[in-house]
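Participant: Return a 3D structure for these sequence lines:
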Amino acid sequence: MELVICITGASQGIGRALATYFNDRGHRVFNLDVKLPADESNPFETSLLDITDEEACGRIFDSIGQSHGRVDVLINCASIFSTLTMKPFWEIESSDWDKVINVNLKGTFNTCKKALPWLKKSSTGRIINFSSAVVPMGRPNYLHYVSSKAGVQGLSRAMAREVGDFNITVNAILPGATVTEVARETVSPEQMKAMIQSRCIKRPQEVSDLTGVVGFLCSKEADFITGQSFVVDGGLTVT
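Facilitator: Numbering: from 1, shown residues only. Modelled structure (predicted):
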């Protein structure tokens, strides 16, 4: 069955890999991002969207929903991380805190809220929110990011309780540091080597380590899985 899938932040990185994965499997994929993809080879449709703008989110999901009668899957990948600078929390500016929380947490809330009426019309409604393995890791010097992603995990658990009666599942993915085409200032080569050596599976994490998990959660086999957090980090945060 062709699914109508909306992915935020799919112009690059993990979101783009997921959009490609689902498009290759014959689904109708919509990329909702604040910027266009760097190239024009993407086969999926892109709509410019600032997820911090609740009204804009409503317009986008209403347009997609009215055109296709439903939204089957919402995957929230859009996030601020790669451009952040490491610093202790007492040096984080209040404006930077607000920006990260506004995009990473409020933005996820906005898209879930505005997609919900159309997810209700699906027989297989799915919400998958990307949190981060920095939450169980308690990684220092990114307190605003870690807090925002902890909020996404909590939001997902509570939301699962509220939408279960609509036959919608909500789950969170907590990826480790994943190699993509996106240049990042948040993990130095030395830090990446140290993380790899601390993993149970000692190799770089690729986007293909995430696509299968997300694909499973969107499948019929995952109908009874909701409110869960899936840490996909090669065993880095095993305790």
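Participant: confidence score at the residue positioned nearest the centre of the chain?
Facilitator: By C-alpha atoms, centre = their mean, the chain has its centre lying nearest to residue 77, at 2.5 Å. Confidence at residue 77, expressed as pLDDT, is 97.
Participant: Assess the claim that it and residue 17 are in contact.
Facilitator: No: assessed by C-beta atoms under 8 Å, residue 77 is found out of contact with residue 17, at 9.3 Å. (Glycine included, C-beta is placed from N, CA and C.)
Participant: Next up, the contacts around residue 238.
Facilitator: If a contact means C-beta atoms under 8 Å, 6 or more residues apart in numbering, then residue 238 has residue 200 as its contacts.
Participant: How confident was the prediction at it?
Facilitator: pLDDT, residue 238: 87.
Participant: start at 627 instead
Facilitator: With the count now opening at 627, the last piece we talked about shows up as residue 864.
Participant: Over to it. Which of the three states is it?
Facilitator: Here residue 864 is recorded as coil under DSSP: H, G, I helix; E, B strand; the rest coil.
Participant: Could you do residue 817 as well?
Facilitator: Taking three-state DSSP, the label given to residue 817 is helix.
Participant: Residue 857 versus that one, what's the distance?
Facilitator: 19 Å (C-beta to C-beta, to the nearest Å).
Participant: Looking at those two, which one has more neighbours?
Facilitator: Taking neighbours as other C-beta atoms under 10 Å, residue 817 and residue 857 compare with residue 857 leading, 20 against 13.
Participant: count of neighbours near the residue nearest to the more buried one when sequence neighbours are not counted?
Facilitator: Spatially, and ignoring its direct neighbours in sequence, residue 857 is nearest to residue 800 (4.5 Å; C-beta to C-beta, 6 or more residues apart in numbering). Using other C-beta under 10 Å, residue 800 is surrounded by 22 other residues.
Participant: From residue 681, how far out is residue 800?
Facilitator: From residue 800 to residue 681 the distance is 30 Å (C-beta to C-beta).
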